[in-house]
Structures are given as structure tokens and as C-alpha cells.
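In: kindly generate the corresponding structure for this input.
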Amino acid sequence: MPTFTLAHPVTAALDVRKSRFIAHAIPVADREAAMAEIRRLRDEHPTATHVCWALLAGGQSGMSDDGEPSGTAGRPILEVLRHHDLDGVLAAVVRYYGGVKLGAGGLVRAYTDAIASALQGAERVERIAQARLTVELGYPDETRVRHWIDQEQFTLVESQYTMTVRLTIQLPATAVDAARTTLTDLTQGRSGFPEPV
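Out: Below you'll find the model as predicted:
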């Protein structure tokens with residue numbers, strides 16, 4: 001089943017019985033990027049009562065109620081992400097408390113509605129699993145291989161120069177086998193594929 005991420009960040013605000021809920025759904029690469037976004041939101045909203053969040057990013061998922069009663073914020077936000085088949089997405093809701101207690105049911109509804117409204121109409125893009133391929137080749141073949149990487153719109157992650165040239169390419173996991181064949185052809189069999197260290 002395909003999973004999706006967001007084409008770009010989306011936001012929505014909701015007022016529930018004097019409390020303001022500002023929902024953000026942000027595409028992120030991993031947990032580290034998500035934590036940086038949480039810090040940014042805390043910096044942007046220093047007087048907010050809570051910044052609750054949920055993250056779906058492969059094996060790096062997580063959630064936080066940030067002081068709200070357990071299970072009333074992080075989990076409902078996470079369920080909305082799952083319902084939308086999203087991955088590589090941080091959903092965070094900034095809450096400014098308005099003085100009226102909402103109760104557990106009211107909080108679950110408010111956090112669910114806030115993030116659902118942010119995702120309404122959000123542009124989703126299919127998330128394609130990425131892989132890395134390292135190719136070892138001679139200096140005379142480097143220009144031709146770099147040109148091919150650009151043509152295919154793959155990402156050159158790293159290049160190392162010793163007696164040979166080692167290029168590490170990030171590409172869709174489904175394209176690795178074809179890339180190996182093409183690189184072998186481009187270098188007339190002179191390239192090798194060392195296992196990543």
C-alpha cells in the first residue's frame with residue numbers, strides 16, 4: 001500500500017471554548033528534523049500552553065501530549081496521520097489555553113479536528129523508498145557518470161577521491177538494479193560497487 005508525505009507544510013487554526021489550537025503538518029525526513037521543527041514552533045509561540053505532536057517517519061515515529069492529560073493529544077493526532085496514510089510527516093498542535101477546561105473527550109476532539117482541518121485539501125505526494133548506491137570508478141569515467149546522475153535526477157550524496165573515484169548516489173530503491181547495469185555499461189565494465197562501510 002503506498003504511503004504519502006506532504007508536498008509542503010500546511011496549517012490551520014481552530015477556536016474551541018476560548019482555547020486556540022494552531023495545527024501544523026510538516027513534511028520531515030526523520031525524527032531529528034521533526035525535533036528541530038518542534039523547537040522552532042516553541043520559539044515562535046513562547047507563551048503557548050502546550051505544543052503537542054505526533055510523528056510518522058518510518059521507524060522513527062513518536063508522539064507527545066506535552067502536559068495535556070495522557071492520551072488526549074499525541075495519540076489522536078497520530079491517528080489522523082495514519083488515517084491519511086501519511087509518512088515522513090510531523091503534525092504539531094500549538095494550544096493557547098483560554099480558561100475553560102474541555103475535559104478528556106473535548107481535548108481529543110479539539111486536537112483531532114485541528115490537525116484534520118490542516119490536512120483538509122493538503123497536497124499529498126507518494127513517498128518513494130530511497131536507497132544509496134556507491135560506485136567506484138576511474139577518473140576518466142567520472143564526467144560521464146556525473147552527467148548520467150544529473151540526467152536521471154538522482155542525488156549525489158558523497159564523492160571521495162583516492163586512487164579511484166567513489167560516488168555515493170541516492171536514488172529510488174526500485175531503480176538500484178537498473179542503475180548498476182547502466183553504470184557498468186557507461187564505464188565499459190570498469191566500475192565496481194563496494195559495500196557501504
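In: worst-scoring helix or strand of this protein, pLDDT-wise?
Out: When each helix and strand of the chain is scored by mean pLDDT, DSSP states H and E, strand 124-126 comes last, with a mean of 85.
In: what's next to the helix or strand just after it, contact-wise?
Out: Following strand 124-126 in sequence order, the next helix or strand is strand 130-137 (DSSP states H and E). Taking contacts as Cβ atoms under 8 Å, 6 or more residues apart in numbering, the residues outside strand 130-137 that touch it are 145, 157, 164-173, 176, 179-180, 183, 187, 190-196. Placement of C-beta: from N, CA and C, glycine included.
In: and stretch 47-58, by the same measure?
Out: Residues outside stretch 47-58 that contact it (Cβ under 8 Å, 6+ apart) are 28-31, 34, 38, 41-42, 45, 61-68, 73-75, 77-78, 81-82, 86-97, 111.
In: which of the residues you listed count as buried?
Out: Among the contacts of stretch 47-58, the ones that count as buried by 16 or more other Cβ atoms under 10 Å are 28, 31, 34, 38, 41, 63-66, 68, 73-75, 77-78, 81, 86-96, 111.
In: show me the contacts of stretch 47-58 that map onto strands.
Out: Applying DSSP state E to the contacts of stretch 47-58, the entries found in strands are 62, 63, 64, 89, 90, 91, 92, 93, 94, 95, 96.
In: which of these lies closest to residue 102?
Out: Taking Cβ to Cβ as the measure, residue 102 lies nearest residue 95 of the ones in strands among the contacts of stretch 47-58, at 9.9 Å.
In: let me see the contact set for that closest one.
Out: 19, 20, 21, 22, 48, 49, 50, 51, 52, 68.
In: just put those in a markdown table and tack on distance to residue 122.
Out: What follows is the contacts of residue 95, written out as a markdown table (distance: Cβ to Cβ, whole Å):
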| residue | distance to residue 122 |
| --- | --- |
| 19 | 23 |
| 20 | 21 |
| 21 | 17 |
| 22 | 15 |
| 48 | 22 |
| 49 | 26 |
| 50 | 23 |
| 51 | 20 |
| 52 | 19 |
| 68 | 24 |
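In: give me the contacts around the helix or strand encompassing residue 105.
Out: According to DSSP H and E, residue 105 maps onto helix 103-119. Contact partners of helix 103-119, identified using Cβ under 8 Å, 6+ apart, comprise 10-14, 16-17, 19, 21-25, 52, 68-69, 71-73, 76-77, 79-81, 84, 86, 91, 93, 102.
In: what's the separation between the residue lying closest to residue 156 once chain neighbours are set aside and residue 185?
Out: Counting by Cβ to Cβ, 6 or more residues apart in numbering, residue 149 is the residue found nearest to residue 156 once chain neighbours are left out, at 5.5 Å. Note on residue 149: its distance to residue 185, by Cβ to Cβ, to the nearest Å, is 15 Å.
In: which one's more surrounded, the two?
Out: residue 149 (18 against 11; other Cβ atoms under 10 Å).
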